[in-house]
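Q: give me a 3D structure for the following:
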Amino acid sequence: MKKHLIYTATLAIVALASCTSEKTPQTQTDRTTITSPSESHSMHMATAGTAQAVMTEEGLPKDLVCMVNNAYMGGKKQFPVAFENKMYYGCCEMCVKTIQNEREVRYATDPVTGEEVDKSKAFIALKPGSNNGDVLYFASEDTYKQYTK
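A: Residues are numbered from 1 along each chain as shown. Here you go, the predicted structure:
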């Protein structure tokens, strides 16, 4: 039992440490000093939605959305994650690993049709009424328009 607890604690420390030892994409500005792993991930979420989101004909730019946290990240470019000839995005090294290892993170459910949507191909839009940058994934712009009627 004690051995299992030590193993679990070690895994938790490694997972949390990956966010604090992150490398910033070249397109992002340097972050302020972060003192703890939980503060690091909080910092990612604190920046979500802080800038005016710019919708294009294809929805929100995918490279500005953390697809693990399902959040528009305040206009900051995210880490690109190539997987199975598709491109996903995450806000930190921990998100990159999660995208590579967990299928359920790469897919969402279209709120109109209920169908599974690959986030790399989805029409992404801010969730109405969300103040923290939450996003929704749609199968197409048409289902997004149905949702907003």
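Q: let me know the pLDDT of Lys149.
A: The predicted local confidence for Lys149 comes out at a pLDDT of 88.
Q: oh, that last question was meant for Ser21, not what I typed.
A: Per-residue confidence at Ser21 stands at 40 (pLDDT).
Q: the one 3 residues further on now?
A: Residue-level confidence at Thr24 comes out at 43, pLDDT.
Q: just Tyr137 next, same as before
A: For Tyr137, the model assigns a pLDDT of 98.
Q: can you tell me the SS state at it?
A: Recorded secondary structure, Tyr137: strand (DSSP: H, G, I helix; E, B strand; the rest coil).
Q: could we number from 30 for the rest of this?
A: Sure thing, new numbering starts at 30, so read that last one as Tyr166.
Q: verify the contact between it and Asp139 for me.
A: Yes. Taking contacts as CB atoms under 8 Å, Tyr166 lies within contact range of Asp139: 6.8 Å. For every residue, glycine as well, the C-beta is placed using N, CA and C.
Q: can you show me the strands along this protein?
A: With DSSP state E applied, the chain shows strands at 94-95, 100-101, 108-112, 115-119, 136-138, 145-147, 152-155, 164-167, listed in chain order.
Q: would TSV of those strands with mean neighbour count and distance to Thr85 be doable?
A: Compiled in TSV, the strands of the chain are given as follows (neighbours: other CB atoms under 10 Å; distance: least, CB to CB, whole Å):
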stretch	mean neighbour count	distance to Thr85
strand 94-95	26	12
strand 100-101	26	13
strand 108-112	16	18
strand 115-119	20	15
strand 136-138	17	19
strand 145-147	16	18
strand 152-155	21	10
strand 164-167	26	14
